[in-house]
Structures are given as structure tokens and as C-alpha cells.
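1. got a sequence here, can you build the structure:
(2 chains)
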Amino acid sequence: MSQGDYSGSVFINCPFDREYLFIFHAIVFAVFDCGYIARSSLEIDDGSEVRIDKIARIISECKYGIHDISRTELSKDTNLPRFNMPLELGMFLGAKRFGNTEQKKKVCLLLDREPHRYQIFISDIAGQDIRSHNNDDTEAIKVIRNWIRNTSQRLTILGGKEIVKRYRIFRAELPDLCDSLGLTIDELIFNDYTAIVSKWLKSNPPGTTSMI
Amino acid sequence: MDVAKKMTDKIDRRRIRKVQSPAKPGRIKESLIERAIKEVMEKRPQRTKDFWLSVQ
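-> A predicted model of the protein is given here:
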């Protein structure tokens, strides 16, 4: 599967701060372990491309979208909220509503830290099914897995507990992997992290990690 | 080929699990990542042994 695979690609719209990194890494791992490609606006570092165009292009290339609005809150410095995640969610829903036949097939998962909090700041999407990860990476993996299993109807997706177990093994080995590559976990850029995850999963197919 | 055999083959094909490559290649050479993963996997038996020794 390549970058051009619309039905196999999942756009991840989430915060990129350090405090959220452990959830982001877990989500990316879960997406790959379910057999999909995780896409993000972090994947392209091209200063000549306008950021909003880059995001719109990636959204148009993904059938699936995971939108985490859990960090929509007032900044301590400015007393204003960062609204990038709700904006990108709006672009995704707009593509689904007004796009061509392919774009209309878009499916998305909305995540927040509490089930009904979003109704206070985006009441227009009230009625949408929103899941909560409670700021917990294990819960995030299970939510992602169940959503992909339900929406894709694929028979090959592992159970949530098994994916969590595989993720724990991967995380335990990640410091050594980074060390061998002359990096620290904090320095991993998105493309390198996804390359490591997909290679690790290819080397550790289901069943081979059960004896570790 | 009968219909039942065709259906079984189809389901078996669907059960072959794929892991996708990332959308964009990273900056690190793939061969370096593969070598690092191989090295880490080779250390697994020792790590398991160390764990059990530490809890005894």
C-alpha cells in the first residue's frame, strides 16, 4: 500500500505538544497494527507549501480521520484556546459533506477527555458519537482498535488487549532502538517514528510476541 | 472448484494480515532501522532472563 491509498489511510488530527506525545505515539502504533497508514500534517516539512493547503491535501487523501479535541482549552499565557484541532475537524467534515463520491465515504472518530465536554465549545456537532481516552494510552489504543474494527469490518484486526501488549513490548524496546540509531525518543520526528513502527511490526507479526 | 472451497479461499486471503509502510519515508535509512530492530530482538532472551533473576 502506498501513500495514494485513500481507503487505507487515517488522518490523525491531534495536539503535538510534549504532554500529549505518549497518546500520539500509542494512536500511531494502533493504526499501523490494525493494518492502516497513519497520516499527519507533521509528515511533510516543505516550507514552500502553505500549511492549510498541506492539511487539506492530506485530509483529501484519507478516508478515515481521528480527531482529538481533548486539548481545546485556554492557554495560560494568552487566555485564548488553540483551535487548530476543531478547525481541521471542520475541514474533514466539510470534505465529507461537499466532496465527491469518494470524499463522502469519509469516516471519523472524535476523541475528547470527557464524554460531553465538547458540547460546551462545539455544540454544532452535538449528536455525534464522541469517545473518551481519559488521557490514557491503553484506553486510546482500545478505542482506536474498536473503531477501526467496526468501521472497516476487516477480519484481520487483533484484539485491543493484544495490541496493547505488543505496544508495551515495542515501548520497552524503543529506547534501545533509538540508541542504536543515535537518537532519543523526544527527537523522533513523525516520519522516523512511523518508519520504526512499521518495520518493528513487520519483524514481529502476531503470535511471535506472545512468548516474550 | 466448488463454491464452499472458493469462499474458504477468499476468507483465508482476507485473513492475511498486512502492516503498511509509512506514507513518507523517514530520514533514517531503512536498513539501519532493520539492523537496530534485529539487534534489539536478539537481546530479548537475555532481557527475559535478567527480569526473572531480578524478581527472584
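2. now the helix or strand hosting residue B:10: mean pLDDT?
-> Residue B:10 belongs to helix B:3-15 when assigned by DSSP states H and E. Mean pLDDT, helix B:3-15: 72.
3. now residue A:133: how far from residue A:192?
-> Distance of residue A:133 to residue A:192, given as Cβ to Cβ, to the nearest Å: 24 Å. Using the backbone N, CA and C atoms, a C-beta is placed for each residue, glycine as well.
4. ok so, going back, check which helices and strands the helix or strand just after the helix holding residue B:10 sits against.
-> Once the chain leaves helix B:3-15, the next helix or strand it forms, by DSSP H and E, is helix B:30-42. With contacts taken as 3 or more Cβ pairs under 8 Å, 6 or more residues apart in numbering or on different chains; DSSP states H and E, helix B:30-42 sits against helix A:160-180, helix A:190-203.
5. with just CA atoms, put the shortest one into CSV.
-> When you say that, I think you mean helix A:190-203. Extracted in CSV, the C-alpha atoms of helix A:190-203 (Å, rounded to 0.1, in the frame of the first residue of the first chain):
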residue,chain,number,x,y,z
PHE,A,190,6.9,11.7,12.8
ASN,A,191,8.3,10.1,9.7
ASP,A,192,11.0,8.3,11.6
TYR,A,193,8.6,7.1,14.3
THR,A,194,6.2,5.7,11.6
ALA,A,195,9.1,4.0,9.8
ILE,A,196,10.3,2.4,13.0
VAL,A,197,6.8,1.3,14.0
SER,A,198,6.0,-0.3,10.6
LYS,A,199,9.4,-2.1,10.4
TRP,A,200,9.0,-3.3,14.0
LEU,A,201,5.5,-4.7,13.3
LYS,A,202,6.8,-6.4,10.1
SER,A,203,9.5,-8.1,12.2
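6. and the residue nearest the centre of chain B?
-> In chain B, the C-alpha nearest the mean C-alpha coordinate belongs to residue B:19, at 8.1 Å (Cα atoms, centre = their mean).
7. could I get the contacting residues of that one?
-> The neighbours of residue B:19, taking Cβ atoms under 8 Å, 6 or more residues apart in numbering or on different chains as the test, are A:32, A:33, A:35, A:198, A:201, A:202, A:205.
8. show me where pLDDT drops low in chain A?
-> For chain A, applying pLDDT under 70 flags the ranges A:1-4, A:210-212.
9. rerun at 80
-> Applying pLDDT under 80 to chain A picks out residues A:1-4, A:44-49, A:72-73, A:75, A:82, A:114-116, A:118-119, A:125-129, A:207-212.
10. tell me where it has strands.
-> With DSSP state E as the criterion, chain A has strands at A:9-13, A:37-39, A:64-68, A:107-112, A:130-132.
11. the longest one to strand A:9-13, inter-axis angle?
-> Just to be clear, that refers to strand A:107-112. If you take axes from the mean of the first three to the mean of the last three Cα atoms, to 10 degrees, strand A:107-112 sits at 30 degrees to strand A:9-13.
12. who are the packing partners of strand A:107-112?
-> By 3+ Cβ pairs under 8 Å, 6+ apart, strand A:107-112 packs against strand A:64-68, helix A:84-98, strand A:130-132, helix A:137-152.
13. which residues touch it?
-> Taking Cβ under 8 Å, 6+ apart as the rule, strand A:107-112 contacts A:14, A:63-70, A:89, A:92-93, A:96, A:118, A:125, A:128-133, A:140, A:143-144, A:147, A:151.
14. of those residues, list those near chain B.
-> With Cβ under 8 Å from any Cβ of the partner chain as the criterion, no member of the contacts of strand A:107-112 is in contact with chain B.
15. up against chain A, what does chain B have?
-> So chain B meets chain A at B:11, B:14-28, B:30, B:32-41, B:43-44, B:48 (Cβ under 8 Å from any Cβ).
16. for residue A:136, what are its contacts?
-> Contacts for residue A:136 were tallied using Cβ under 8 Å, 6+ apart; there are none.
17. gap between it and chain B?
-> With distances taken as Cβ to the nearest Cβ, to the nearest Å, residue A:136 is found 25 Å from chain B.
18. residue A:132 now?
-> 27 Å.
19. for burial, what's the neighbour tally of the nearest residue in space to residue A:110 that is not next to it in sequence?
-> Leaving aside its chain neighbours, residue A:110 sits nearest to residue A:130 (4.4 Å; criterion: Cβ to Cβ, 6 or more residues apart in numbering or on different chains). Close neighbours of residue A:130, defined as other Cβ atoms under 10 Å in any protein chain shown, add up to 20.
20. thanks again, I'm all set now.
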